[in-house]
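Here is my input; please provide its structure:
(4 chains)
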Number of protein chains: 2
Amino acid sequence: MTESPRKRGRPASIDTQSAMHAVVELFRDKGYAAVSLDDLSETTGLSRPSLYRAFGNKLSMYVSAMNAFGQDAAELALPKLEAEGDLEAALTNFFDAMLGIYYRDSDVAPGCLIFGTAPAHVDEAEIKARLNFGIDQVDSRMRQRMEKAFPNCESSRIETAARMASNTLIAFSARAKAGATQQDLSEIGAESAQTIGLLLRSA
Amino acid sequence: MTESPRKRGRPASIDTQSAMHAVVELFRDKGYAAVSLDDLSETTGLSRPSLYRAFGNKLSMYVSAMNAFGQDAAELALPKLEAEGDLEAALTNFFDAMLGIYYRDSDVAPGCLIFGTAPAHVDEAEIKARLNFGIDQVDSRMRQRMEKAFPNCESSRIETAARMASNTLIAFSARAKAGATQQDLSEIGAESAQTIGLLLRSA
DNA sequence: GTAATTTCGTACCGTTTCGTACATATTTAG
DNA sequence: CTAAATATGTACGAAACGGTACGAAATTAC
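Residues are numbered from 1 along each chain as shown, chains lettered A, B, ... in the order given. Next up is the predicted model:
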């Protein structure tokens, strides 16, 4: 696996990984329909046919971007949620990690590719399915984390708490796009974490 | 005001109000960029130049649609929030009224024009500003209602509770678009209302 | 060297896009 | 009945769109 068998023809000179990164950022900024293949070609540095060969048509490019973004976010933020310690701290740290992604470094927050821009494009079945998967993932991870923290809590209460935590994250994307500051949302996240803890502890 | 002074030229034969309604529904379904003027022309029955004369260019059409949608939603749902009685019931009824709008009647939920599709298009400054206004409105109405219900509660706690309630509503749009059923969200709304009540009552 | 193989971008195609010029229709003023 | 005024849709234009055919470039196999 480490040694490439040296294929036959002209060697590939394209960095698909960094190209996908640029694709993610552009879709995050402008949504799906508002981004043209020429825009993508410009930011990636790849010609339009190269984009095609690497990622397929525009729709599959967007779905790939959703997958790449989701994976990055999971790797960066999920460990915070699943860390040992009390639930409130884990939730707070998880929210902050996600906010770090939502706000990137620019002045204008690009927000979440999945929760922020995908809902506008669910008439494409593949996008809708991937959005649903993303929501489901967050819901179930939240639920698992809460079950771990409160093994004796009744499941319906866990379910409610998990949905509320997910709702917080989902709403953050819209708030970020609307112009809220990262500090604002960080505070809301911390306080929501406390409240959810309150709910779960009030047996 | 009742008697029209009978203007000079050809009388207008276009129902701009029902046309705007059709515009709202189409933008709600497909977002901003994915909708063409021809699409709008088809669903409204107005020719493209007529749309132009009535509502200006595509961007101002979308902003007008946001205003129309926001006003409709406010008239239908805000009375539920501001009704007398305990906060939990008011919140629950408000969420249900909004869900009635989000799910319209079709199989595929069109969700919220403001919270659901606008975040994907905030690179247009006017859309971003209108989205921010919408979030602000919900936040402040929530806060006012909670202050009325709990006049002695400290303001920071009110603030948190209000943001959580808003977050619930904002997230509903994404969940609706992703395929959640109206009953699902209705239950989440009711339980979130209970939890927010719990937070405010735990002095 | 030459042929086979793979990668890559130029140049092109048909369609769709937004926006408008302009002719036509329908009314009131005189 | 004629002229002025207002409303409306046909028909057009320039640009941008997604997508691809095809030739040039770069490598290995022999």
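
What strand or helix carries the residue nearest to A:Pro110 when sequence neighbours are not counted?
Using CB to CB, 6 or more residues apart in numbering or on different chains and skipping residues adjacent in sequence, the residue nearest A:Pro110 is A:Arg28, 4.1 Å away. For every residue, glycine as well, the C-beta is placed using N, CA and C. Using DSSP states H and E, A:Arg28 maps to helix A:16-30.

buried ones in that helix?
Neighbour counts over helix A:16-30 (16 or more other CB atoms under 10 Å in any protein chain shown) mark A:16, A:19-30 as buried.

Among these, find me the one that's closest to DNA strand C.
Lowest distance from DNA strand C to the buried residues of helix A:16-30 (CB to the nearest atom of the strand) belongs to A:Thr16, with 8.5 Å.

Do you know the pLDDT at the closest one?
pLDDT for A:Thr16: 93.

how about it, what does it touch?
For A:Thr16, the contact set (CB atoms under 8 Å, 6 or more residues apart in numbering or on different chains) comprises A:54-55.

at 10 Å what do you get?
By CB atoms under 10 Å, 6 or more residues apart in numbering or on different chains, the residues touching A:Thr16 are A:23, A:44, A:46, A:50-51, A:53-55, A:64.

circling back to that earlier point, right, and the helix or strand after the helix holding A:Arg28?
With DSSP H and E, the next secondary element past helix A:16-30 is helix A:37-44.

and the next helix or strand after that next one, how far from the chain's centre?
Using DSSP H and E, the next helix or strand after helix A:37-44 towards the C-terminus is helix A:48-55. Taking CA atoms, centre = their mean, to the nearest Å, one finds helix A:48-55 lying 24 Å from the centre of the chain it belongs to.

Excluding its own residues, what touches helix A:48-55? List them.
A:12-16, A:19-20, A:23, A:36-38, A:40-41, A:44, A:46-47, A:57-58, A:60-65.

Please, a ChimeraX command that selects the buried ones among these?
Command for ChimeraX that selects the buried part of those, burial taken from 16+ other CB under 10 Å:
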select /A:16,19,20,23,40,41,44,46,58,61,62,63,64,65
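
burial measure for A:Arg201, as a count.
Using other CB atoms under 10 Å in any protein chain shown, the number of residues around A:Arg201 comes to 12.

show me the contacts for A:Val23.
Contact analysis of A:Val23 by CB under 10 Å, 6+ apart lists A:16, A:35, A:39-40, A:43-44, A:46, A:51, A:54-55, A:61-62, A:64-65, A:68-69, A:113.

among the residues you listed, which are in reach of DNA strand D?
Filtering the contacts of A:Val23 for proximity to DNA strand D (criterion: CB under 7 Å from any atom of the strand) leaves A:35, A:39.

C-alpha coordinates for the helix holding A:Arg28, CSV please?
What follows is helix A:16-30 as a C-alpha-only set of coordinates in CSV (Å, rounded to 0.1, in the frame of the first residue of the first chain):
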residue,chain,number,x,y,z
THR,A,16,-7.7,16.3,-5.1
GLN,A,17,-7.6,16.6,-1.3
SER,A,18,-6.8,20.3,-1.2
ALA,A,19,-9.1,20.9,-4.2
MET,A,20,-12.0,19.3,-2.2
HIS,A,21,-11.1,21.6,0.7
ALA,A,22,-11.5,24.6,-1.6
VAL,A,23,-14.8,23.2,-2.9
VAL,A,24,-16.1,22.8,0.6
GLU,A,25,-15.3,26.4,1.5
LEU,A,26,-16.9,27.8,-1.6
PHE,A,27,-20.1,25.8,-1.2
ARG,A,28,-20.1,26.8,2.4
ASP,A,29,-20.0,30.5,1.5
LYS,A,30,-22.5,30.5,-1.4
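
what is the orientation angle of that helix with helix A:37-44?
Interaxial angle, helix A:16-30 versus helix A:37-44 (axes from the mean of the first three to the mean of the last three CA atoms, to 10 degrees): 120 degrees.

Can you confirm whether helix A:16-30 lies near DNA strand C?
No: Helix A:16-30 stays clear of DNA strand C (CB under 7 Å from any atom of the strand), getting no nearer than 8.5 Å.

just the angle between that helix and helix A:48-55, please?
100 degrees.

still on that earlier bit, would a markdown table of the contacts of A:Thr16 with pLDDT be doable?
Below are the contacts of A:Thr16 laid out as a markdown table (pLDDT from 0 to 100):
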| residue | pLDDT |
| --- | --- |
| A:Val23 | 97 |
| A:Thr44 | 96 |
| A:Leu46 | 96 |
| A:Ser50 | 96 |
| A:Leu51 | 96 |
| A:Arg53 | 95 |
| A:Ala54 | 95 |
| A:Phe55 | 96 |
| A:Ser64 | 97 |
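
ok, so of those residues, who is nearest DNA strand C?
Looking across those and measuring by CB to the nearest atom of the strand, the closest to DNA strand C is A:Ser50, at 3.6 Å.

Would you mind measuring from the closest one to A:Thr16?
Separation of A:Ser50 from A:Thr16 (CB to CB, to the nearest Å): 9 Å.

now swap in A:Arg201 and tell me
Where A:Thr16 is concerned, A:Arg201 sits at a distance of 48 Å (CB to CB).

How about the residues of chain A by DNA strand D?
With CB under 7 Å from any atom of the strand as the criterion, chain A meets DNA strand D at residues A:6-11, A:35-39, A:48-49, A:52, A:57-59.

what number of residues lie near A:Arg163?
Neighbours around A:Arg163, by other CB under 10 Å: 25.

right, and it touches B:Arg175 too?
Yes: here A:Arg163 reaches B:Arg175: they are 8.9 Å apart, a contact under CB atoms under 10 Å.
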